[in-house]
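Student: Based on what follows, work out the 3D shape:
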Amino acid sequence: MGSTRAFPRALRTASAAAALAGLLGGCARRPPVLVPPPALIEAVEGFGSASVSGAEASVKGKFAFLFRRPGLGRVEALDPIGRTAFLVYFRGGRAWFVLPSKKVYAEDDAEVMMRRFLGLALRPDDTLSLLSGVWPEDAAGGGWTVGRDAGGRVVGGERGEFRFEIREFFRGGAVPREIEVGGAGASGRVKILKAAFNPPPRDEAFDTGFLSRFAAKTWDELVELLDR
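Tutor: Reported below is the predicted structural model:
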């Protein structure tokens, strides 16, 4: 990876830690309501919280998310007083970490960027499966080993250095409500507060055309800006 530095203080400390929140216009204020997932999950949108710490990232706060197959995703983070701290876009195996306040961004591999801001190397489609609880029958083809309970719900899994365990499900279903995660020195929990499945496509949610007006930075250069 391009950087092994600890996550910048601006996103780690209690006074300036990034609280992940708000995906689309009013999503943070009116998150979608959970409904039972269909057998085929093409997209998941929702709202939750995370507390994950490790050598490369330390994140604690609320977040909103939208992931759509194949390989699309967007996350927006707010600081404790409601300002946008950063956005992360995923598309075509790449990711863009954006600081709107400074009009700069850094680009890298999707898994590398996921590790940088969450501490865990996950592909967008894996994240969709993790958040929805619906894993493809050929999960092993993607390098995953998943375990199921007597009712067929996925209760845990691992791939290489990464592992997860479902601590709590939404009532009456197989959708994870609380997930324990770990790997490569990182550990923590993610809690899903609300979610919706297969929402209408909104291509504009993943549009990064506005980055033509932003300055491209290396990851180390972007970290220096965060530390100021």
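
Student: What distance do you get for residue 211 to residue 178?
Tutor: Distance, residue 211 to residue 178, using CB to CB, to the nearest Å: 35 Å. Where C-beta positions appear, they are placed from N, C-alpha and C, glycine not excepted.

Student: no no, residue 84
Tutor: When residue 84 is compared with residue 178 (using CB to CB), they lie 26 Å apart.

Student: Show me the strands in the protein, by range?
Tutor: Assigned strands in the chain, in chain order: 19-20, 43-53, 58-68, 72-78, 84-91, 94-99, 104-109, 145-148, 154-159, 162-169, 176-183, 186-197, 215-216 (criterion: DSSP state E).

Student: Among these, which comes closest to residue 223?
Tutor: strand 104-109 (8.8 Å; CB to CB).

Student: now that closest one and strand 84-91, what's the angle there?
Tutor: Angle of strand 104-109 versus strand 84-91, following axes from the mean of the first three to the mean of the last three CA atoms, to 10 degrees, is 30 degrees.

Student: so how far is strand 104-109 from its chain's centroid?
Tutor: Centroid displacement of strand 104-109 relative to its chain, using CA atoms, centre = their mean, to the nearest Å, is 16 Å.

Student: now do stretch 150-157
Tutor: 22 Å.

Student: Please work out which residues outside that stretch touch it.
Tutor: Outside stretch 150-157, the residues within contact range by CB atoms under 8 Å, 6 or more residues apart in numbering are 133, 135, 139, 144-149, 163-166, 169, 174.

Student: please redo it, this time with the cut-off set to 10 Å
Tutor: 126, 129-130, 132-135, 139, 144-149, 163-167, 169, 173-176, 179-180 (CB atoms under 10 Å, 6 or more residues apart in numbering).
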